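>>> Sequence first, then the predicted structure, then my questions.
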Amino acid sequence: MSTNSIDSLLHESRRFPPTAEFTAGAIAKPELYDEAKADRVGFWADQARELLHWHKPFTQTLDWSSAPFAQWFADGELNVAYNCLDRHVEAGNGDRVAIHWEGEPGDSRSITYAELTAEVKRAANVLAGLGIRQGDRVAVYMPVVPEAVVAMLAIARLGAVHSVVFGGFSSESLRSRIDDASAKLVITADGGWRKGKVFPLKAAVDGALANGTSTVEHVLVVKRGENEVEWTEGRDLWWHDEVGKAEPEHEAQGFEAENPLFILYTSGTTGKPKGILHSSGGYLTQVASTHRNVFDLHPETDVYWCTADVGWITGHSYVVYGPLANGATQVMYEGTPDTPHPGRWWELIQKYKVSIFYTAPTAIRSFMKLGREIPDAFDLSSIRVLGSVGEPINPEAWIWYRDVIGAGTAPIVDTWWQTETGGIMISALPGITTLKPGSAQVPIPGVKIDILGEDGTRVDPPQGGLLVVSEPWPAMLRGIWGDPERFKETYWSRFSKGDVWKYFAGDGAHVDSDGDIVLLGRVDDVMNVSGHRLSTQEIESALVSHPIVAEAAVVGAADEATGQAVVAFVILRSDQEKAQTVEEASTLLRAHVAQQIGAIARPRQVFVVAELPKTRSGKIMRRLLQDVAEGRELGDTTTLTDSSVMQIITDKLK
Ligand code: WT7
């Protein structure tokens, strides 16, 4: 984050207490904090019993004896899909709409809990027929269509493990994820709508499986884009054919609470994405509990909308599992916010009378730029709670969000969490917390957060440090798929001592004199671009995989629209220097990264340079490159092998 925006976060003095009216009707009561404080583990056990249906009740809550590998509710059994579907129908809420889905071209479907349950049962029978059993991995590579949710729940219903890969990722990225998890089946679509066009998905799956060595036996294809697809007989099956003829009955069996639910890949500090593993009972407890308390969900009357793609953790926890476990009615939208017109989101809020809206600061900032006339043209009076996630929200954007989208009255919950934490960890609770723009504020009840100095001792407020989670929490990751050592090393090695385990999140944070937490961004080589996590090393590897590149260094540079933007510095191979102009090389390499990883990783700029700044031990000094990319005065260059390198780079770029 730039120094400017940190300053504005730290010197924010506006306060917004909840209205008496909101507090009176709020789901979360202040006693939640007291209960969790008195008995943290017992608090989660109460939430698990209150919010979920257990096929077999648990008697043990937390087993931390194999730390950092946790077990929650280990002797209990549940079926995640049953919790999200059948039980709502059995409770008489089958006619409640689960999903108001809106396609980008304007087609729409409203699906009730009864209909969604029926569809998932059929899909579960199809998957079982294709040999999917408990523990098998299934890759899901889909647009935001109801079938993506159906697929995830059908997999969960069988006790199998989904690995959803964001539809914007390349064939190459999909392949590495399929291979890492040895997926048996891929569920995809012919295409999906984005910015007025159909983007192909099936072709990317074909590419990912092309080498023929894959563990994938079948590909189930949802028809959405109506675009031409190639077909591999015997391997490829149409979803509508299979689901259409499937048996409608399927009884949900209970699985152990620790049965793995999904793997979701995320970027770390090394080149290879990590398969973050989540399990069932603890995860579902925390996402249901936070979805209810943080968003003040009244399932009978609220219409909730989280704009995340199901391919990210926000989509898993706050589109699929949290809302459906709570029997919420939600909006799902396939396309981009500005298609076919820049008021599309506000039109949807008006159309479905959305009352709880959850999105990312990057989107809010881009709407701010377009001007308030656009949202002002729609009736947004149904809104009563606003949420923010993915990166720090600057106070100006916070105030705009509240004034323009929330009529100057809606509470904003700024929710801090990660793919690894599974569910929200730090957030205000509406109706209780006096809000502070730009601060995620306080850990949710039952979560213990500390801000530590480099030496591992707690910092005295007001002060900055590194954010750790000091006690295990129910939705915590259970590991990195296939790599227990990397799990320990990445998250637990920095601050744990003896049998005291502290989870290091990779974020810097500041505690103010009220004890409120202000998040300051990543402290490792992970970038945050539009709320999406990207690894500098992964993009560097993509760059050097191109034959014209000799060396590459990537930094995240502050960007007004996207928070951070990818900026790359490359040295071309000597035989290539004259073969193309700097502009040609830059265009070529931007496209190459998009093709290797996905469009979200495409660098904003690629600078061709003659040298990279290195320390005497050969480490690239990204900090200096970041200074250049952000147009700042250079920091200390004395540790460089050759201190003139930076001068040459800056002169050239001017
Ligand atoms: C990283 C996690 C959690 C879902 C979306 C991103 C940053 C997330 C906030 C927030 C400041 C935030 C952190 C975190 N982050 N939410 N409210 N305020 N920073 O999930 O891709 O796993 O990324 O996003 O840096 O470590 P993710």
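Perfect, thanks for sending it.

>>> Residue 448 - how many residues pack around it?
Counted with other C-beta atoms under 10 Å, the burial measure for residue 448 works out to 15 neighbours. In this view, the C-beta of every residue, glycine as well, is placed from N, C-alpha and C.

>>> likewise residue 338?
Counted with other C-beta under 10 Å, residues neighbouring residue 338 total 16.

>>> In three-state terms, label it for me.
At residue 338, secondary structure determined by DSSP: H, G, I helix; E, B strand; the rest coil is coil.

>>> With adjacent residues omitted, what lies nearest to it?
Taking C-beta to C-beta, 6 or more residues apart in numbering as the measure, residue 338 lies nearest to residue 344, with 6.5 Å between them; neighbours along the chain are not counted.

>>> Just give the number of residues close to the one you found.
The number of residues packed near residue 344 is 18, by other C-beta under 10 Å.

>>> Show the contacting residues for the residue of the stretch 301-450 of the chain found nearest the ligand.
Residue of the stretch 301-450 of the chain nearest the ligand, by C-beta to the nearest ligand atom: residue 419 (3.4 Å). Contacts here follow C-beta atoms under 8 Å, 6 or more residues apart in numbering; on that basis residue 419 touches 264, 266, 276, 312, 313, 477, 533.

>>> Below-threshold pLDDT in this structure: ranges please.
Scanning the chain with the threshold set as pLDDT under 70 gives 1-3, 652, 654.

>>> quick one: the residue lying farthest from the centre of it and residue 94, what's the gap?
When each C-alpha in the chain is compared with the mean C-alpha position (C-alpha atoms, centre = their mean), residue 578 comes out farthest, at 42.2 Å. The span separating residue 578 from residue 94 equals 70 Å under the rule C-beta to C-beta, to the nearest Å.

>>> Could you do residue 316 as well?
Relative to residue 94, residue 316 is positioned 24 Å away (C-beta to C-beta).

>>> quick one: which of those two has more around it?
More neighbours sit around residue 316 than around the other of residue 316 and residue 94, counting by other C-beta under 10 Å; the figures are 25 against 18.

>>> surely the more buried one meets residue 310?
Yes. A contact is recorded between residue 316 and residue 310 when judged using C-beta atoms under 8 Å, the distance being 6.9 Å.

>>> Now list whatever residues contact both of these two.
Overlap of the contact sets of residue 316 and residue 310 (by C-beta under 8 Å, 6+ apart) consists of 152, 164.

>>> which residues touch the residue in the stretch 51-200 of the chain positioned nearest to the ligand?
Of all residues in the stretch 51-200 of the chain, the one sitting closest to the ligand is residue 166 (10.6 Å; C-beta to the nearest ligand atom). The contact partners of residue 166, by C-beta under 8 Å, 6+ apart, come to 309, 311, 312, 598.

>>> can you list those residues in JSON lines and add distance to the ligand and secondary structure?
Converted to JSON lines, the contacts of residue 166 look like this (distance: C-beta to the nearest ligand atom, whole Å; DSSP: H, G, I helix; E, B strand; the rest coil):
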{"residue": "309", "distance to the ligand": "11", "secondary structure": "coil"}
{"residue": "311", "distance to the ligand": "11", "secondary structure": "coil"}
{"residue": "312", "distance to the ligand": "6", "secondary structure": "coil"}
{"residue": "598", "distance to the ligand": "14", "secondary structure": "strand"}
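
>>> of all those, which comes closest to residue 387?
Checking those against residue 387 by C-beta to C-beta gives residue 312 as the nearest, at 14.7 Å.

>>> What parts of this protein come near the ligand?
Applying C-beta under 6 Å from any ligand atom, we find that the chain lies next to the ligand at 266, 313-314, 389-392, 414-419, 440, 505-507, 519, 521-522, 528, 531, 533.

>>> how about a cut-off of 8 Å?
266-267, 308, 312-314, 317, 360, 388-393, 414-421, 424, 426-427, 440, 505-507, 519, 521-522, 526, 528, 531-533 (C-beta under 8 Å from any ligand atom).

>>> Among these, which are located in helices?
Secondary-structure check on the residues of the chain next to the ligand using DSSP state H: residues within helices are 313, 314.

>>> Narrow the residues of the chain next to the ligand to those that are buried.
With neighbours counted using 16 or more other C-beta atoms under 10 Å, the residues of the chain next to the ligand contain these buried positions: 266-267, 308, 312-314, 317, 360, 388-393, 414-421, 424, 426-427, 440, 505-507, 519, 521-522, 526, 528, 531-533.

>>> which residues touch residue 290?
Residue 290 makes contact with 322, 423, 424, 427, 444, according to C-beta under 8 Å, 6+ apart.
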